[in-house]
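K.L.:
Pasted the sequence and its predicted model underneath.
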Amino acid sequence: MAEDLSERVAELEKSVKRAVEALALLRRERDALQARLGALEAERGELQALKQERKEVLAQVDSILKELDKLDL
């Protein structure tokens, strides 16, 4: 009985150790994913700014072309 109990305790200790290692791995993965998400959000913001700038440049080019048409060159 005592041997069974000590074996069970040893098994439980191993299980706890594996669980702690798994949690540490999951935390590292979560931290890496959060960092990646932050970088992607920054890139998304930059992309949106570039799209807006492109839209503004296209509007300016369109305006310039219309002015050139008025000059009837």
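P.N.:
Now that the structure is in, tell me what you want to look at.

K.L.:
quick one: low-confidence ranges for this protein?
P.N.:
Within the chain, the segments meeting pLDDT under 70 span 73.

K.L.:
and the residue nearest the centre of the chain, what element?
P.N.:
Centroid-nearest residue in the chain: Leu37, 1.7 Å away (criterion: CA atoms, centre = their mean). Using DSSP states H and E, Leu37 maps to helix 2-71.

K.L.:
Who are the packing partners of that helix?
P.N.:
The criterion is 3 or more CB pairs under 8 Å, 6 or more residues apart in numbering; DSSP states H and E, and there are no helices or strands that helix 2-71 contacts. For glycine as for every other residue, the C-beta is placed from the backbone atoms N, C-alpha and C.

K.L.:
Please tell me how far the residue nearest to the centre of the chain sits from Arg30.
P.N.:
Remark: distance between Leu37 and Arg30 (CB to CB, to the nearest Å) = 10 Å.

K.L.:
And for Val57?
P.N.:
The value you get for Val57 to Arg30, if CB to CB is used, is 40 Å.

K.L.:
Please work out how many residues are found near Lys70.
P.N.:
8 (other CB atoms under 10 Å).

K.L.:
nope, Leu58 is what I meant
P.N.:
10.

K.L.:
same deal with Lys14?
P.N.:
Using other CB under 10 Å, Lys14 is surrounded by 10 other residues.

K.L.:
what does the one 5 residues further on give?
P.N.:
Taking other CB under 10 Å as the neighbour definition, Ala19 ends up with a count of 10.

K.L.:
Same question for Arg54.
P.N.:
10.

K.L.:
for the one 5 residues further on, same thing?
P.N.:
The local packing of Ala59 (other CB under 10 Å) involves 10 other residues.

K.L.:
any idea how far it is from Asp72?
P.N.:
Distance, Ala59 to Asp72, by CB to CB: 22 Å.

K.L.:
do the same with Leu25
P.N.:
Counting by CB to CB - Leu25 and Asp72 are separated by 72 Å.

K.L.:
Tell me which of the two has more neighbours.
P.N.:
More crowded of Leu25 and Asp72, by other CB under 10 Å: Leu25, with 10 against 5.
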